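**Q** how does the following fold in three dimensions:
(one chain, ligands or ions: 2)
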Amino acid sequence: MTALQPEGAADSAAPSAYPSPDAAAGAGVTVILAAAGQGTRLGAGVPKALAPLRGEPLAVHALRGVGQALPLAQIVVLQPPADPRLREAVESAFGAEAAGRIRWVDGGAERSDSVRAGLAAVETERVLVHDCARALVPPSVFADVLAALGAGADGAIPAVPVVDTVKLVSDDGAHISSTPPRSRLRAVQTPQGFRTEALRLAHSRPGGVEATDDAMLLEALGLDVRLVPGHADGLKVTGPLDVVLAEHILAAREEPAGPSSSIPTPGGPAMVTPQSPQGSQTLLPEPAFPMPRTGVAVDVHGFSDDPRRVLWLACLDWPGERALEGHSDGDVVAHACADALFSASGIGDLGSVFGVDRPDMAGASGERILGEAARLTREAGFVIGNIAVQLVAQGPVFSPRREEAQRRLSEIAGAPVTVSATTTDHLGFLGRKEGVMAVASALVAPAAGQPRPEREPSV
Ligand SMILES: Nc1ccn([C@@H]2O[C@H](COP(=O)(O)OP(=O)(O)OP(=O)(O)O)[C@@H](O)[C@H]2O)c(=O)n1
Ligand SMILES: C[C@](O)(CO)[C@H](O)COP(=O)(O)O
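**A** Ligands and ions are numbered 1, 2, ... in the order given. Coordinates of the predicted model:
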């Protein structure tokens with residue numbers, strides 16, 4: 001598998017080790033919303049994009065989801081050809097100005113024809129192809145797809161495990177050819193994210209018409225398409241029963257905010273997690289400035305006398321240096337970063353999320369802990385602005401590896417992480433070299449108006 005680099009554009013196409021908050025909010029990304037289908041299986045009497053879900057067209061829900069997940073993204077809508085009704089419905093929901101910022105492209109006979117037509121209107125280096133039919137995909141899925149693209153994949157698609165046993169059958173559908181092991185099967189969803197150049201190349205090849213998703217065209221070229229976790233709310237509204245499910249999901253979202261959408265402030269009013277106002281008609285929420293949130297954390301580990309342990313700091317190993325004690329690998333820098341994210345997003349702290357009583361966390365690496373913390377932060381509806389962390393230690397000498405540490409941590413967090421180091425001038429337990437400490441702060445901002453998930457985060 002190869003990571004495609006467009007000819008002559010290798011530098012500009014290279015993933016940044018320091019993705020900006022703007023990138024996470026969709027700057028430099030175009031979302032192609034495939035909405036040109038007729039909805040034959042739904043049988044609503046109108047093209048599916050216009051079929052109502054709790055009184056609003058499916059496309060309005062889909063566009064609201066895109067606007068909430070990636071407020072800075074450009075949007076191309078693939079509309080049923082020669083049919084002005086979709087644009088009119090979007091204008092009526094969001095206003096003529098918002099609808100005017102969308103590029104409207106007539107779709108083709110098949111979904112892949114529509115996407116190919118839409119690609120001609122894309123000017124950004126990254127593109128997400130999203131089914132209007134999957135109108136309720138939560139923002140965390142968009143964020144995960146973009147993060148995987150930022151990490152260098154040619155494509156990234158959301159996937160969920162398959163619950164049915166699936167058979168490969170003969171051409172006439174009457175005989176079983178084989179039964180693939182279910183554990184290796186995934187049902188894939190949208191948005192599917194790609195380097196635009198890779199998707200253009202894939203769509204330019206013959207045979208694309210039969211493609212039922214875009215990823216398979218890249219797979220055929222041997223390009224690197226990665227999977228990220230999909231979501232049950234990303235169901236494809238295909239038949240009438242799907243409308244019932246989708247309306248149930250919407251109804252649950254519209255219920256008054258439960259305890260998990262507010263963080264009690266001792267002695268004061270609840271601090272409400274920023275959300276879009278219910279029933280808001282804002283496609284791109286420009287005026288409602290989402291308030292960023294800061295978090296702080298400290299982590300301390302004592303030095304170990306165990307010769308089998310290795311020193312890990314900032315997700316780098318330090319051969320020859322004295323190791324730290326801990327249930328995990330003792331990487332105070334990574335732990336402080338992770339805990340600062342929890343502090344900022346309000347989803348607990350290192351102890352409550354990862355728990356020293358959990359046997360599966362024994363020896364857990366700083367990479368796993370920070371990576372999971374970043375994932376859970378995004379899943380809770382936040383984009384990560386940055387993390388700043390300082391190592392306080394009498395040794396090892398950190399500065400020669402500072403850049404390397406920053407790169408590694410930023411890669412893992414999917415956001416800029418800066419690292420500094422200091423000593424205590426030989427004062428206190430740190431000065432006596434009994435252990436090391438790291439202190440971190442993190443900045444996160446709400447990615448969308450999604451209610452925060454009603455569940456305990458888990459690894
Ligand atoms: N020529 C087409 C066909 C489909 N789509 C879009 O691709 C997505 C997935 O297609 P599907 O769910 O099959 O929608 P329809 O084609 O409308 O449904 P049906 O096959 O029942 O007619 C939908 O958002 C649909 O609007 C499209 O843009 N252009
Ligand atoms: C792209 C897709 O949603 C991935 O599961 C799916 O293949 C679209 O299929 P459809 O028949 O065009 O709805």
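**Q** for the rest of this, base every contact and every neighbour count on C-alpha atoms.
**A** Noted.
**Q** hang on, Val129 in a strand?
**A** Yes - Val129 sits within a strand when classified using DSSP: H, G, I helix; E, B strand; the rest coil.
**Q** I'd say it and Val29 touch.
**A** No - taking contact to mean Cα atoms under 8 Å, the distance of 10.7 Å between Val129 and Val29 leaves them out of contact.
**Q** tell me the pLDDT of His248.
**A** On pLDDT, His248 comes in at 95.
**Q** quick one: is the host helix or strand of it near ligand 2?
**A** Per DSSP states H and E: His248 is located in helix 240-254. No - in this structure, helix 240-254 remains apart from ligand 2 according to Cα under 6 Å from any ligand atom; the gap is never smaller than 12.4 Å.
**Q** where does the stretch 301-450 of the chain dip in pLDDT?
**A** The model of the stretch 301-450 of the chain has pLDDT under 70 over residues 356, 448-450.
**Q** what are the ranges of the helices in it?
**A** Counting by DSSP state H, counting those that start in this stretch, the segments of the stretch 301-450 of the chain that form helices are 332-345, 350-354, 366-379, 402-413, 428-431.
**Q** save those as TSV, and put in distance to ligand 1 and mean neighbour count too.
**A** Listed next are the helices of the stretch 301-450 of the chain as TSV, based on distance: least, Cα to the nearest ligand atom, whole Å; neighbours: other Cα atoms under 10 Å:
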stretch	distance to ligand 1	mean neighbour count
helix 332-345	33	29
helix 350-354	37	16
helix 366-379	24	23
helix 402-413	32	21
helix 428-431	59	16
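**Q** of the ones you listed, which is nearest Ala297?
**A** In terms of Cα to Cα, the element of the helices of the stretch 301-450 of the chain nearest to Ala297 is helix 332-345, at 4.8 Å.
**Q** and the closest one, how far from the chain's centre?
**A** Going by Cα atoms, centre = their mean, to the nearest Å, the spacing between the C-alpha centre of helix 332-345 and its chain's C-alpha centre is 19 Å.
**Q** do stretch 142-151 as well
**A** Computed by Cα atoms, centre = their mean, the chain-centroid distance of stretch 142-151 equals 6 Å.
**Q** what do you get for stretch 238-257?
**A** 22 Å.
**Q** list the buried ones in that stretch?
**A** Of the residues in stretch 238-257, those scored as buried under the neighbour-count criterion (16 or more other Cα atoms under 10 Å) are 238, 243, 246-247, 250.
**Q** nearest to ligand 1, of those?
**A** The nearest member of the buried residues of stretch 238-257 to ligand 1, counting by Cα to the nearest ligand atom, is Thr238 at 5.3 Å.
**Q** excluding sequence neighbours, find me the nearest residue to that closest one.
**A** Spatial nearest neighbour of Thr238, excluding adjacent residues (Cα to Cα, 6 or more residues apart in numbering): Leu42 at 5.7 Å.
**Q** tell me the contacts of Ser399?
**A** 420-421 (Cα atoms under 8 Å, 6 or more residues apart in numbering).
**Q** ok, now how distant is it from Thr422?
**A** Counting by Cα to Cα, to the nearest Å, the gap from Ser399 to Thr422 is 10 Å.
**Q** rewinding a little: CSV for the buried residues of stretch 238-257, including distance to Glu372?
**A** Conversion of those to CSV gives the following (distance: Cα to Cα, whole Å):
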residue, distance to Glu372
Thr238, 33
Val243, 33
Ala246, 29
Glu247, 31
Leu250, 28
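**Q** what's the closest of these to Thr190?
**A** Looking across the buried residues of stretch 238-257 and measuring by Cα to Cα, the closest to Thr190 is Thr238, at 14.0 Å.
**Q** which SS state does the closest one fall under?
**A** Under three-state DSSP, the three-state class of Thr238 is coil.
**Q** I figured it hits Arg41, correct?
**A** Yes - counting by Cα under 8 Å, a contact exists between Thr238 and Arg41, whose distance comes to 6.1 Å.
**Q** where in the stretch 151-300 of the chain is pLDDT low?
**A** Across the stretch 151-300 of the chain, residues meeting the criterion (pLDDT under 70) sit at 207-209, 255-290.
**Q** who in it is up against ligand 2?
**A** By the rule Cα under 6 Å from any ligand atom, the part of the stretch 151-300 of the chain lying against ligand 2 is 188-190, 212-213.
**Q** hmm, back to that, as TSV, the helices of the stretch 301-450 of the chain with distance to ligand 2 would be great.
**A** As requested, the helices of the stretch 301-450 of the chain are arranged in TSV below (distance: least, Cα to the nearest ligand atom, whole Å):
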stretch	distance to ligand 2
helix 332-345	31
helix 350-354	33
helix 366-379	21
helix 402-413	28
helix 428-431	54
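**Q** out of these, nearest to Pro181?
**A** Across those, closest to Pro181 is helix 366-379 (Cα to Cα), at 28.0 Å.
**Q** pull the CA atoms of the closest one into CSV?
**A** The C-alpha atoms that make up helix 366-379 are tabulated as CSV, following Å, rounded to 0.1, in the frame of the first residue of the first chain:
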residue,chain,number,x,y,z
GLY,A,366,2.0,6.9,27.4
GLU,A,367,1.1,6.7,23.7
ARG,A,368,-2.0,4.6,24.4
ILE,A,369,-3.1,6.8,27.3
LEU,A,370,-2.7,10.1,25.4
GLY,A,371,-4.1,8.7,22.2
GLU,A,372,-7.2,7.4,24.0
ALA,A,373,-7.6,10.7,25.9
ALA,A,374,-7.5,12.6,22.6
ARG,A,375,-10.0,10.3,21.1
LEU,A,376,-12.4,10.5,24.1
THR,A,377,-12.1,14.3,24.1
ARG,A,378,-13.1,14.4,20.4
GLU,A,379,-15.8,11.9,21.0
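**Q** now it and helix 402-413, what's the angle there?
**A** With axes from the mean of the first three to the mean of the last three Cα atoms, to 10 degrees as the basis, helix 366-379 and helix 402-413 are set at 50 degrees to each other.
**Q** give me the helices and strands touching helix 366-379, please.
**A** Contacts of helix 366-379 with other secondary structure elements, assessed using 3 or more Cα pairs under 8 Å, 6 or more residues apart in numbering; DSSP states H and E, are made with helix 139-150, helix 332-345, strand 382-392, helix 402-413.
**Q** now the angle between strand 382-392 and it, please.
**A** Put simply, helix 366-379 runs at 150 degrees to strand 382-392, going by the same axes, to 10 degrees.
**Q** can you tell me what sits against helix 366-379?
**A** The set of residues that contact helix 366-379 without belonging to it, under Cα under 8 Å, 6+ apart, is 139-141, 143-144, 312, 314-315, 328-331, 334-335, 337-339, 341-342, 345, 347, 383-384, 409, 412-414, 453, 457, 459.
**Q** surely the residue nearest to Thr238 is in contact with Pro240?
**A** Yes - Leu42 is in contact with Pro240 according to Cα under 8 Å; the separation is 5.6 Å.
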